[in-house]
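Q: Just to be clear, the model below is a prediction. Sequence and coordinates:
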Amino acid sequence: MMMSCQAWPEPVVRVQALAESGLSSIPSRYIKPRSQRPTTTNTNTNTTSVAYPQVSQTEDDHSDVNINIPVIDLQSLSSGEDIALQEETLQRVAEACREWGFFQVVNHGVSHELMRNARELWREFFDQPYELKEEYANSPNTYEGYGSRLGVSKGAILDWSDYFFLHYMPPSLRNQDKWPTLPLSLRKVISEYGEEVVKLGGRMLELMSRNLGLKEDYLMNAFGGENEIGGCLRVNFYPKCPQPDLTLGLSAHSDPGGMTILLPDDFVSGLQVRKGNHWITVKPLPNAFIINVGDQIQVMSNAIYKSVEHRVIVNSNKDRVSLAFFYNPKSDLLIEPAKELVTKERPALYQPMTYDEYRLYIRMNGPCGKAQVESLTSPIR
């Protein structure tokens, strides 16, 4: 499906350039409505402190500072020895998908050195001169390249972030000419990192399929198979902000794709996950990935697993970098609830739609909570 908009509706301003200009207050186009602003942030530290901004003006904004998303050790699944421990790990994954939609994984099989190199090289990219980065400036047609906004609504309130977006899977969409040439080793590391994260995503789909009572390869096949899945990398750069209480690095949304594998910043926290009426600031563990369920798995699981709203807060003293790998269905496949999960008591909750049709809404409108997936709900008969 072709995009109906080939250009941004207004001149694009790089948020990093704004931050480095020394401004003491942010432009009005980045100031969020009061109901969306963080209310309490510890912006003067690089620790993983917890903040609980309000969900809306009417909802309770207090919470337990010790709450964090589940942490799951995947070691037992690769050892093949302790069957009871494997079953316990599977159960923990299932509970995290049902109750949170988010969890961290450790002992996941991806090289810690590769993770560090990928993050550091991308930070070096964002430190390059602007004229070099502008060679990769993107458009809303594909988002591929160097960008600073989502959605094409003229006059929209924007997020305090820049990013670089690229396609990795299927191989036919992988265009290394659009990948940065500096730092010199970045292209090589992108290839190596993408290969390892794709493998991890495949293992996670197997676990989710088994936990749903489906064949182990069900979700992978529903995504199009190993060689046809859609894999995209979005590297987020959140510049320091003089008024972090007025804006967000990324507005509240659920991920439109199948699953996201996030490599967070190892120094500055920023990701917040909605849990009931609270926003929980995630405390990343060293060498861990953060995995979350996307809208397409919510649809395929007939809402047994649910995508969850999340957002990103910014910091007054520190820039922040994170790598989000989106593990998505092949773009032209029809996505609908698995027939095995549809019963008379629990009919299909969603109308069929291709992923291309689905993400067009996101590209046109930008982050919008869970409005898109909820719009697919079928009337229960």
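A: It's in.
Q: give me every residue that touches residue 328.
A: Residue 328 sits next to 223, 229-232, 257-258, 294, 296, 355 when contact means Cβ atoms under 8 Å, 6 or more residues apart in numbering. All C-beta spots, glycine's among them, are computed from the backbone N, C-alpha and C.
Q: can you tell me which of those residues are in strands?
A: Per DSSP state E, strands hold the following members of the contacts of residue 328: 230-232.
Q: Would you mind listing which of those residues are buried?
A: Buried members of these, scored by 16 or more other Cβ atoms under 10 Å, are 230-232.
Q: tell me which of those residues is nearest to residue 113?
A: Of all those, residue 231 has the smallest distance to residue 113: 21.6 Å, by Cβ to Cβ.
Q: Please name the bridge partners of that closest one.
A: Beta-bridge partners for residue 231, by DSSP bridges, are residue 169, residue 327.
Q: Same check on the one 5 residues further on?
A: Beta-bridge pairing for residue 236 (DSSP bridges): residue 163, residue 322.
Q: Check the spacing between it and residue 119 real quick.
A: Using Cβ to Cβ, to the nearest Å, we find residue 236 at a distance of 11 Å from residue 119.
Q: Of those two, give the one with the bigger neighbour count.
A: Legend: neighbour count by other Cβ atoms under 10 Å for residue 236 and residue 119, higher for residue 236 (25 against 20).
Q: Thought residue 324 was touching that one, still the case?
A: Yes - at 6.5 Å, residue 236 counts as touching residue 324 under the criterion of Cβ atoms under 8 Å.
Q: Tell me how many other residues crowd the closest residue to residue 338 other than its chain neighbours.
A: Distances taken as Cβ to Cβ, 6 or more residues apart in numbering put residue 300 closest to residue 338, at 5.6 Å, once the chain neighbours are dropped. By other Cβ under 10 Å, the residues close to residue 300 number 26.
Q: same thing with the one 5 residues further on?
A: As a burial measure, residue 305 scores 23 neighbours (other Cβ under 10 Å).
Q: Work out for me the element it sits within.
A: Counting by DSSP states H and E, there is no helix or strand that carries residue 305.
Q: for the closest residue to it other than its chain neighbours, helix, strand, or coil?
A: Excluding the flanking residues, the one nearest residue 305 by Cβ to Cβ, 6+ apart is residue 97, at 4.2 Å. Under the three-state scheme (DSSP: H, G, I helix; E, B strand; the rest coil), residue 97 adopts helix.
Q: could you list every residue that touches residue 97?
A: 103, 208, 211, 293, 305.
Q: from those residues, which single one is nearest residue 282?
A: residue 103 (10.1 Å).
Q: on that earlier part again, verify the stated contact: the residue nearest to residue 338 with residue 335.
A: Yes - at 6.5 Å, residue 300 counts as touching residue 335 under the criterion of Cβ under 8 Å.
Q: which neighbours do these two share?
A: By Cβ under 8 Å, 6+ apart, residue 300 and residue 335 have these common neighbours: residue 222.
Q: So which residues of the chain form strands?
A: Going by DSSP E, the chain shows strands at 71-73, 102-106, 145-147, 162-169, 230-238, 250-253, 259-263, 271-275, 278-281, 289-293, 310-312, 320-328, 334-335, 353-354.
Q: Pull the distance from the third one to the chain's centre.
A: Translated: strand 145-147. Remark: strand 145-147 is offset 16 Å from the chain centroid, using Cα atoms, centre = their mean, to the nearest Å.
Q: For it, name the packing helices and strands.
A: Other helices and strands packing on strand 145-147, by 3 or more Cβ pairs under 8 Å, 6 or more residues apart in numbering; DSSP states H and E, are strand 162-169.
Q: Please apply the same query to the last one.
A: Taking 3+ Cβ pairs under 8 Å, 6+ apart as contact, the helices and strands that strand 353-354 lies on are strand 334-335.
Q: ok so, going back, with pLDDT and distance to residue 312 as new columns, can the ones in strands among the contacts of residue 328 be given to me in CSV?
A: Output for the ones in strands among the contacts of residue 328, formatted as CSV (pLDDT from 0 to 100; distance: Cβ to Cβ, whole Å):
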residue, pLDDT, distance to residue 312
230, 95, 23
231, 96, 22
232, 96, 18
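Q: Export those to a markdown table and append columns for distance to residue 6.
A: Shown next, in a markdown table, are the ones in strands among the contacts of residue 328 (distance: Cβ to Cβ, whole Å):
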| residue | distance to residue 6 |
| --- | --- |
| 230 | 21 |
| 231 | 24 |
| 232 | 20 |
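Q: out of those, which one sits closest to residue 38?
A: residue 232 (27.5 Å).
Q: Specify the angle between the longest helix seen in the chain and strand 320-328 in degrees.
A: Longest helix in the chain by number of residues (criterion: DSSP state H): helix 186-211. Here the directions of helix 186-211 and strand 320-328 differ by 50 degrees (axes from the mean of the first three to the mean of the last three Cα atoms, to 10 degrees).
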